[in-house]
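Enquirer: structure for the following, please:
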Amino acid sequence: MQQQWLEARLNRVLPSLMRKHGVEMWLIICREYNEDPAFWSVVSPTTFAARRRTMYVFFDRGGAEGVERLALGGDSQGGVYEVYRDPELPDAELVGKLQWTLLRKLIESRKPATIAVNVSQRTAFSDGLSASERDTLFDTLGPEWSKRIVFADGLAEEYVAQRIPEMLPTYTHMMEIVHHLINRAFSSEVITPGKTTDEDVVWWLRQQVNSMGLDTWFQPTVRVQKPGADEVSFIAERNPAVIERGDVLHTDFGITALRLNTDTQHMGYVLREGETEPPAGIRAALANAKRVQDIHMEEMRPGRSGNDVLAAVRKRALGEGIKATIYSHPIGDRGHGAGPLIGLWDRQEGVPGRGDTVLVPGTWFSIELNARTPIPEWGGKELFVGMEEDIVLDEQGKARWILRRQEDYHLVR
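Expert: Below is the predicted model:
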């Protein structure tokens, strides 16, 4: 299935992006264990690293001929590349200087008007050409061919960011797994009030992921907010917190499977004796965060920059009296994926560079935010409600939840 996704992306997505960015030839050059970030989006799922030195050359022959895909070093990646060799150069020598000689011969034969390489100060996804490989490339090509080299940082970024519809059923199922595990984690199956700690829940989640044969791209977190306790920063080192009745719980949890990544934040509440639902103030806090989600979804439109969306959401939330923080991001091949950033938790006035990138159809995002609401039952103390769900910005430019969002607290009875 992953191999079919790869073929579809290379056949359908890449040619149009090369033409959009005015690139006739695109080079991905990297060495074993120092792979270009784009490498993982152009290779077979059976590939675990570059092969000594690997060079992929994409050459747009124009029109119906499409993009030629050549591999210098390594294999055909399941048949999606033509292995380019010179019978006069022994294969064993391709790992050394002669591999660069072969690249120059290829470029001289194709005569591309532009040669794009992955160098960028704006985004890591387009900055995979290491300093030494870049120096060798310029030395190999000489001044005439080097003049044709361009740093088309949008090409690699958009290719990695672009999703294809065939991925969506699998990703939806992954999100179902995440919702299911959070629902179990925030229940009496896992939590015994007065005994279980937040770290116990974290490691229960990690073990479930491991037992299912899945992986995770970050360490899950569980945060406990108590009526009479000071808030502890989520980046602060601290001792495990014992979960008690009346506590509000928050988790940030994602899984990795089939080279796809999810990212979800949900809220839970530990019922006191005699309670059947959280107090009204705590329910209102969740409603405020959901309202910010609604606003955010309405503002997600292709052609707008991440900073434009951030400003619009914050203005509307503030106008409704909601104290909100926005820090949404693309997701897919990476958890923090390629494409526009829509705020950072400590950058609410806009993110230079990545925040200026525009939204494009066919990409996925994690709508990640929080709202802080004073709770009357807690003497006016603010409650942090962090929510995060993954969405698709579909080919028609409409934003929609890939699965669904959290509507009510998970309850520990």
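Enquirer: give me the neighbour count for residue 396.
Expert: Residue 396 is flanked by 7 other residues according to other C-beta atoms under 10 Å. Any C-beta I mention is one placed from the backbone N, CA and C, and that applies to glycine too.
Enquirer: for it, phi and psi?
Expert: Residue 396 adopts backbone torsions of phi -90, psi 0, taken as degrees, to the nearest 10.
Enquirer: tell me the pLDDT of it.
Expert: Listed pLDDT for residue 396 reads 88.
Enquirer: pull the distance from the helix or strand that contains residue 6 to the chain's centre.
Expert: According to DSSP states H and E, residue 6 maps onto helix 2-8. Taking C-alpha atoms, centre = their mean, to the nearest Å, one finds the center of helix 2-8 at 19 Å from the center of the full chain.
Enquirer: put the alpha carbons of that helix into CSV.
Expert: C-alpha atoms of helix 2-8 as CSV (Å, rounded to 0.1, in the frame of the first residue of the first chain):
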residue,chain,number,x,y,z
GLN,A,2,2.8,2.4,0.9
GLN,A,3,4.5,1.6,-2.4
GLN,A,4,1.3,2.5,-4.3
TRP,A,5,1.2,5.8,-2.4
LEU,A,6,4.8,6.5,-3.4
GLU,A,7,4.1,5.8,-7.1
ALA,A,8,1.0,8.0,-7.1
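Enquirer: which residues touch it?
Expert: Here helix 2-8 makes contact (C-beta atoms under 8 Å, 6 or more residues apart in numbering) with 42-45, 77-78, 80, 164, 166-167, 258-259.
Enquirer: now residue 8: how far from residue 155?
Expert: 18 Å (C-beta to C-beta, to the nearest Å).
Enquirer: what does residue 268 give?
Expert: 43 Å.
Enquirer: cool, residue 321 as well?
Expert: Taken as C-beta to C-beta, the span from residue 321 to residue 155 is 43 Å.
Enquirer: so for these two, which sits in the more crowded spot?
Expert: In terms of neighbours (other C-beta under 10 Å), residue 155 is the more surrounded of residue 321 and residue 155; the figures are 24 against 8.
Enquirer: sorry, back to before: for the helix holding residue 6, buried residues please.
Expert: By 16 or more other C-beta atoms under 10 Å, the buried positions in helix 2-8 come out as 5-6.
Enquirer: ok, stretch 202-215 next?
Expert: 202, 204-205, 208-209, 214.
Enquirer: pull the distance from that stretch to the chain's centre.
Expert: 20 Å.
Enquirer: all further residue positions should be reported with the first residue as 44.
Expert: Got it, first residue is 44 now, which makes that one stretch 245-258.
Enquirer: I'd like to know which elements the lengthiest helix in the chain is packed against.
Expert: Looking across the chain with DSSP state H, the single longest helix is helix 323-342. Helices and strands touching helix 323-342, by 3 or more C-beta pairs under 8 Å, 6 or more residues apart in numbering; DSSP states H and E, are strand 307-313, helix 349-362, strand 366-369, strand 406-418, strand 424-436.
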